[in-house]
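1. Predicted model and sequence below, questions to follow.
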Amino acid sequence: MEDHHQDAAVRVSSSGADLLSRIALNDNKAGMEGLDRDKINKVILETSKGSKFYENELKKERQVNQRIEKMMEQKARITKEQMKQAQAEVDKLKCELERGRDLGRVIVHVDMDAFYAAVEMRDCPELKDKPMAVGSMSMLSTSNYHARRFGVRAAMPGFIAKKLCPNLVIMPTNFDKYRAVSAQVREIFSEYDPHFMPVSLDEAYLDITEHLEQRKLWPETMRTHHMCDAKTDDAGKFADESEKDGLSPVLFEDSPCSSTSLSGAEGKAEVFGTSAEEAVREMRFRIEQKTSLTASAGIAPNMMLAKVCSDKNKPNGQYRIPPERQVVMAFMKDLPVRKVSGVGKVTEKMLAALGIVSCAQLGQQMALVSLLFSETSWHHFLHISLGLGSTYIERDSERKSMSTERTFGEMSDAEEQYSLCRELCHDLAQDLQREGLKGKTVTLKLKNVNFEVKTKAFTLQYAVCTEEDIFAATKDLLKVEIDSVSPQPLKLRLMGVRVSGFISVEDKKPLQRSIMGFLQKGGSDPGSFTQCPGSALKAEGGSDSASFLKLQSTEIKVPSVSEQIPKSTGPKQQSFFQRAQSKRLQQQQEQMSVIISDTDTTNSSSDAAASTLPITNPQSDTTSTNTNSGTDATGYINKHATLKPSFKISTQVLQFLTCPVCNREMKDVNLTAFNHHIDECLKGSAMDNEHTDSDAGELNSEPPASSHNLSCNGEKPSTSISLPVVETDDGNDFKTPFFSHRTKINEKRLVVPNKKRPLSESSSKASHTTHNPEAVVTELSSDLKGSSLTCPVCSQLQSTGDLALFNCHVDMCLNQEVLLEFRGSHPPVDHSDAPALKSVRGQLGDQGRVSKVREKSKRQGSSHLPPAKKTKVLSTKHTIDKFFKGNTRQNV
DNA sequence: GGGGGAAGGATTC
DNA sequence: TCACGGAATCCTTCCCCC
């Protein structure tokens, strides 16, 4: 291996030939030591040369070399003083890390040997002595150890593998079968660590610390296992004794002798000890008995080391690093950095250019590395050099994206491309719905015939999961790409669609009933959101309030993808009021029926709206609230999908509406009039009770005395709907972009109408950063402190001038189940005893969520709290945390 | 200058 | 004979906007 790394370094410095390294054989894999690399590389090169793929690889190689050149130039500019400072910083961190070194856990990484290939060989004994691989002529998933002798390995195209090994047998993948075997193996894992972390079908991390404690107390009988006791549990064919003999799990001639691979040993019992090694040996023994497949394992004090260890004695072996610092450091000393998970070929090459090949060298050069790499990266490297890794196995980590992509022969026809795009959206939508997921960001991935990859993303205002919704976004993205090369055709070889930015489970719940719901006393409950795609979309997308229509549309304009590409922030020249006004004019021109369009999306889509506004589909002429048909509640879809006719909302007479500003109840007022009323209220005339009510309905109640406290500073108030954006898991304060003062985290705040920041933007940002569209709060100025405040939800004057306490109160109002009854009897919620609310906060919203996670973490006996996953703000911290605590795949 | 979205890349299995 | 995947995650860089 060392030679290989040095070769790489030499190639970098030489010209021309160095471009080979990218497509050269990667022999960083068990069973591939001592191969004739030159010969193999020659075959690979000859087979690849001249192809588009090869050309693209060359291009990428050049880019990496340029990166290295740049880095070297940077290195040349580093002064002694800088190095000294960097060294001090590194030393300081090193000390801290040493102090925190935890050697108390026993982490195991188990990896099935050549898993797919082994399963195929098990089920097809004729393959046992043949070089074989699983995959296709385009790509191999894995190969057996016979094939590895020829240089055939995973991630190699089958046709090249065939050149290297003409006798290679390529078996198609059979994931159902692998999954079934994997389930058997996982069953065994769970007996050693019920919360083990599967990495893939054939790999998992376990923390067996607790198991070992218990194990010490076990009688010998509990540590005794019989050979072949489980073979009959496998697929029926294995029940046949005659077949069993020929199925040695040994995949590789010179692999370590398996304790169970001896035929004729059936029924024999084996007793295992109580040590970590014995426990893992037992686990592997049981896996082999149950599946006829072998596994390798690594035992170490942390995940990073365990992973490296599992590769040490592969196949069918195990390796343990005892929990002693010196032993760990000795192990790391000669370990090539490339062996560490997360260090790939590019990182390897960059480090090699600095003369760093082993982890010991990495440790010695940390000061330099810290000056040349990002903080995230060099912290990562420092951990590696010290043999540190996560001692906490993260359980149940949430999925962050879901995608589907397809490679095909050259496709140049636009119609075909759209058609494929839709197909992908269809597939993805099914997958999303199967898992009950909805995401806001839709990404289109394209690879042209030159293997150049391009991704285009668009973040929608609302989470989507239906074919129509996803397609509506992706087709526009695709159109932009097609147009960009027009009149030339866009020549593709791959297309993919991804949805990310999932809303959390909590977000899907109607914590806050629709505003319409409580503004309208007599309406039906619109808050019963379901997971049904259409309604769910509506629930989120349409915040339901016709009375808040204008308010929301200020903030939550849903521009079309077309409008947004390239990046655009939408029409900013017009104020919201102007836009809303023109929107209404437009609506009026449409003769009593309005198309649910961008700015109105949030209103028209809601169940609440549906309960009041007859939604009619002019095509079917039936009243319907089902929008899951390509015309979903979002105007965006209507406008751009152009797939289905638009639903229309007729501006018929509304029933009861309560002005969110003056809190007056209005009866039998139409939407336009109601909006106009709010306009007036907001303009300030309402403050003096000078409503221009000519077009408003009857005012049924007097506003509370201080109902206009919300419009602060005597300026023209702008009302916005903002969302909680500040959340962390640790209870620390941090400064938000919207506040000049420090805000306690996890407080859903009343946000400030800031004259410096147009609300439309602040709110739009807020809505981008949040995942909780239901949690609607109103902005308030921080300088309100000291004055009395009126809750915009319950309309009660609050005795406190303290913003935090007041926020607590509003949180309560917004989230409490009280809302369920709110519409019915409309009892004022008296939460003037705000401090008492704090104790309730924990049950609500994100605070509650964090509490739950903490609880879970506690139960799992870990001091590590899974980091908050909600805000982009925290992403860096989050990923670093993850890296230190639980993530095994970190890039640099 | 910093936040945040978009785009491109690196890495893994 | 032709022919180099699919899915997921995280990181860096760029750019817009305030």
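-> Looks like it came in fine. Numbering: from 1, shown residues only, chains lettered A, B, ... in the order given.
2. if you average pLDDT over stretch A:98-108, what comes out?
-> For stretch A:98-108, mean pLDDT is 97.
3. so how far does it reach from one end to the other?
-> 22 Å (C-alpha to C-alpha, to the nearest Å).
4. list the buried ones in it?
-> By 16 or more other C-beta atoms under 10 Å, the buried positions in stretch A:98-108 come out as A:101, A:103, A:105, A:106, A:107, A:108. Heads up, the C-betas are built off the backbone N, CA and C, glycines and all.
5. from what I can see, the last one looks like it's in a strand, true?
-> To tie it back to what came earlier, the one meant is residue A:108. Yes - assigned with DSSP: H, G, I helix; E, B strand; the rest coil, residue A:108 falls within a strand.
6. Can you list the strands that the strand or helix carrying residue A:402 pairs with?
-> Per DSSP states H and E: residue A:402 is located in strand A:401-411. Using DSSP bridges, strand A:401-411 pairs in its sheet with strand A:492-502 (antiparallel).
7. near DNA strand B at all, the strand it pairs with?
-> No - Strand A:492-502 lies out of reach of DNA strand B by C-beta under 7 Å from any atom of the strand, never closer than 7.7 Å.
8. near DNA strand C at all, that strand?
-> Yes - residues of strand A:492-502 are located near DNA strand C by C-beta under 7 Å from any atom of the strand, namely A:493, A:494, A:496, A:498, A:500.
9. Equivalent analysis for stretch A:174-185, please.
-> No - counting by C-beta under 7 Å from any atom of the strand, DNA strand C is not contacted by stretch A:174-185; separation bottoms out at 10.7 Å.
10. and that stretch, average pLDDT?
-> 95.
11. Can you confirm whether it lies near DNA strand B?
-> No - using C-beta under 7 Å from any atom of the strand, stretch A:174-185 stays clear of DNA strand B, coming no nearer than 10.5 Å.
12. in the strand holding residue A:402, what's buried?
-> Applying 16+ other C-beta under 10 Å to strand A:401-411 flags A:402, A:404, A:411 as buried.
13. what angle sits between the following helix or strand past that strand and strand A:401-411?
-> For strand A:401-411, the succeeding helix or strand toward the C-terminus, using DSSP H and E, is helix A:414-434. The directions of helix A:414-434 and strand A:401-411 differ by 160 degrees, with axes from the mean of the first three to the mean of the last three C-alpha atoms, to 10 degrees as the criterion.
14. per-domain residue ranges of chain A.
-> Split into domains by automatic domain parsing, chain A comes to A:1-74, A:78-103+A:325-393, A:107-140+A:165-323, A:396-502, A:709-840, A:849-885.
15. nearest to residue A:48, of the residues of strand A:492-502 next to DNA strand C?
-> Residue A:48 has its nearest neighbour among the residues of strand A:492-502 next to DNA strand C in residue A:493, at 16.1 Å by C-beta to C-beta.
16. What about that closest one, how many residues nearby?
-> The number of residues packed near residue A:493 is 19, by other C-beta atoms under 10 Å.
17. What subset of the residues of strand A:492-502 next to DNA strand C is buried?
-> Taking 16+ other C-beta under 10 Å as the criterion, what is buried in the residues of strand A:492-502 next to DNA strand C is A:493, A:494, A:496, A:498, A:500.
18. Kindly indicate which of those lies nearest residue A:440.
-> Nearest member of those to residue A:440, counting by C-beta to C-beta, is residue A:500, at 7.9 Å.
19. What score does the closest one have for pLDDT?
-> 94.
20. What's opposite it in the beta bridge?
-> With DSSP bridges as the criterion, residue A:500 is bridged to residue A:401, residue A:441.
21. Around whichever residue of the stretch 251-400 of chain A sits closest to DNA strand B, count how many other residues there are.
-> As assessed by C-beta to the nearest atom of the strand, DNA strand B sits closest to residue A:344 within the stretch 251-400 of chain A, at 1.9 Å. Neighbourhood size, residue A:344 [other C-beta under 10 Å]: 13.
22. Dihedrals phi and psi, it?
-> With angles defined as degrees, to the nearest 10, residue A:344 sits at phi -100, psi -170.
23. Do me a favour and average the pLDDT over stretch A:425-445.
-> Stretch A:425-445 shows a mean pLDDT of 94.
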